[in-house]
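**Q** Whatever this is, show me its structure:
(one chain, ligands or ions: 1)
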Amino acid sequence: MKKEDPSSLPSRTGGFRSLSPAVWRASTVLFDSVADFTTRKERLFDGYTYGVTGTPTTRALEERVADLEGAKHCIATPSGQAALCLVAMALLSAGDHVLIADSAYGPLRTFAHDYLQRFGVQYQTFDPTAGAEIAELVKSNTKLIFLESPGSITMEMQDIPAIVEVAQTAGVRTVLDNSWASPLGFQAIPAGVDVVVEAASKLLSGHSDLLLGTIATDDRGLYEKFRTAQSVLGQAVSAEDCFLALRGLDTLELRYAHQCDAALEVAMALSEHTLVREVLFPPLPGNRGHERWARTFTGGGCVLSFVPELSPEPKVHRFFDALEVFLIGASWGGVHSLAAFYPAKELEKRAHCRITDGIVRLSIGVEPPRKLITDLDQALDLAAKA
Ligand SMILES: *Cc1c(COP(=O)(O)O)cnc(C)c1O
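**A** Next comes the predicted model:
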């Protein structure tokens with residue numbers, strides 16, 4: 001141990017073991033010699049150089065998520081949106097063309113429109129129910145296809161295996177936002193997708209108390225580009241948040257199983273309700289996208305949407321005000337059930353959206369499903385009567 005080295009902590013951990021990972025905080029990483037210091041960049045990908053690319057706590061999380069995804073590499077980012085933007089920044093250059101599912105996470109489409117275009121990248125949204133016919137949209141300068149299936153809010157399913165085949169033939173990389181299914185519902189890397197992004201703020205961490213994203217890939221070259229971009233763009237992640245996400249992952253399978261079963265029960269009850277025009281939830285038999293979901297995915301999700309038969313809009317507001325168990329809030333995937341409203345005018349911005357009325361989106365938590373169904377029933381009835 002050199003000089004006054006406060007990192008002598010490991011020598012004091014003899015005889016101590018616990019079930020929790022250590023929270024290693026650091027901006028500075030110490031080096032044994034100046035030779036180690038001057039060659040530190042060589043260890044950017046496989047070692048530790050500076051706090052921005054993480055500490056052993058970050059690596060523990062990245063390894064756990066890589067394992068879940070069935071991927072060789074993973075990078076933790078400050079949020080799901082940061083992960084999506086980092087992938088675009090690392091892989092796109094002026095003159096490139098990118099395809100984005102029309103129902104992809106809204107801020108990704110905004111990033112493409114307001115920033116990527118400014119940097120000379122052309123972008124185009126495509127029908128989120130697309131399959132092999134996406135080949136017609138692929139140009140000689142197309143570099144990436146951003147998929148999200150089912151899509152945010154409107155729940156369209158893309159035919160991922162068909163799109164992957166088109167992309168591989170054309171030499172285009174695919175990126176899937178897999179936040180809805182999580183790797184428990186769909187392992188996209190073994191299915192041939194190049195890059196998988198998770199909004200770990202949602203199901204993976206599971207308690208609505210932190211922001212985190214992950215990027216997984218099998219491709220060493222892509223991994224190195226992402227790690228470099230993370231460093232250059234300063235996308236640091238707090239070790240505490242990694243610790244909390246690791247703790248959340250301990251219960252992921254239990255939460256996921258309960259939340260998916262409960263979401264299907266709620267979806268079935270809603271589909272029989274006279275004040276519900278349409279339920280949007282691919283795991284529901286007969287739903288649009290059900291066949292694709294059943295063929296490709298191994299699990300469901302805890303987020304569903306429905307179009308209420310409540311107009312004019314003030315009636316929808318009364319529905320939300322009457323909810324007692326569901327709380328009103330964005331984000332999803334945590335233990336508390338949440339409800340959010342997307343008015344028709346927000347959906348109008350999409351070029352390929354079949355739905356022209358406001359949509360209610362529910363995130364199903366760990367409460368007993370009966371209690372949730374009763375809450376929805378009473379709120380719908382009250383809103384219709386008022
Ligand atoms: C929430 C969400 C994101 C963004 O994740 P944040 O961690 O909130 O930035 C990305 N994609 C989907 C599908 C999401 O629901």
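
**Q** What's the local residue count around the closest residue to Ala130 other than its chain neighbours?
**A** Of all residues not flanking Ala130 in the chain, Gln158 sits nearest, at 5.6 Å (CB to CB, 6 or more residues apart in numbering). Using the backbone N, CA and C atoms, a C-beta is placed for each residue, glycine as well. Counted with other CB atoms under 10 Å, the neighbours of Gln158 add up to 26.

**Q** what's the spacing between Gln158 and the ligand?
**A** The gap separating Gln158 from the ligand is 13 Å, by CB to the nearest ligand atom, to the nearest Å.

**Q** For the protein, just list every one of the strands.
**A** 73-77, 97-101, 122-126, 142-148, 173-177, 195-199, 213-217, 276-280, 303-308, 327-328, 338-342, 359-363 (DSSP state E).

**Q** Name the surrounding residues that touch the fifth one.
**A** To tie it back to what came earlier, the one meant is strand 173-177. With CB atoms under 8 Å, 6 or more residues apart in numbering as the test, strand 173-177 has contacts from 80, 84, 87, 91, 104-105, 108, 143-149, 160, 163-164, 167, 188, 192-199, 222.

**Q** Pull out the buried residues from those.
**A** 80, 84, 87, 91, 104-105, 108, 143-149, 160, 163-164, 167, 188, 193-199, 222 (16 or more other CB atoms under 10 Å).

**Q** mind showing which ranges of the chain have poor pLDDT?
**A** Under the criterion pLDDT under 70, the flagged ranges of the chain are 1-11.

**Q** Where does it get nearest to the ligand, residue-wise?
**A** Gly80 (2.3 Å; CB to the nearest ligand atom).

**Q** ok, so what distance separates Gly95 from Thr142?
**A** Distance, Gly95 to Thr142, by CB to CB, to the nearest Å: 11 Å.

**Q** In the chain, spot the helix with the most residues.
**A** helix 252-271 (DSSP state H).

**Q** Which strands or helices does that one pack on?
**A** With contacts defined as 3 or more CB pairs under 8 Å, 6 or more residues apart in numbering; DSSP states H and E, helix 252-271 has these neighbours: helix 182-185, strand 276-280, strand 303-308, helix 369-385.

**Q** now the angle from it to strand 359-363?
**A** 150 degrees (axes from the mean of the first three to the mean of the last three CA atoms, to 10 degrees).

**Q** List the buried residues of helix 252-271.
**A** Under the neighbour-count criterion of 16+ other CB under 10 Å, helix 252-271 has 252, 255-256, 258-260, 262-271 buried.

**Q** between those, which is nearest Gly47?
**A** Distance to Gly47 across the buried residues of helix 252-271 (CB to CB) is lowest for Leu252, with 28.4 Å.
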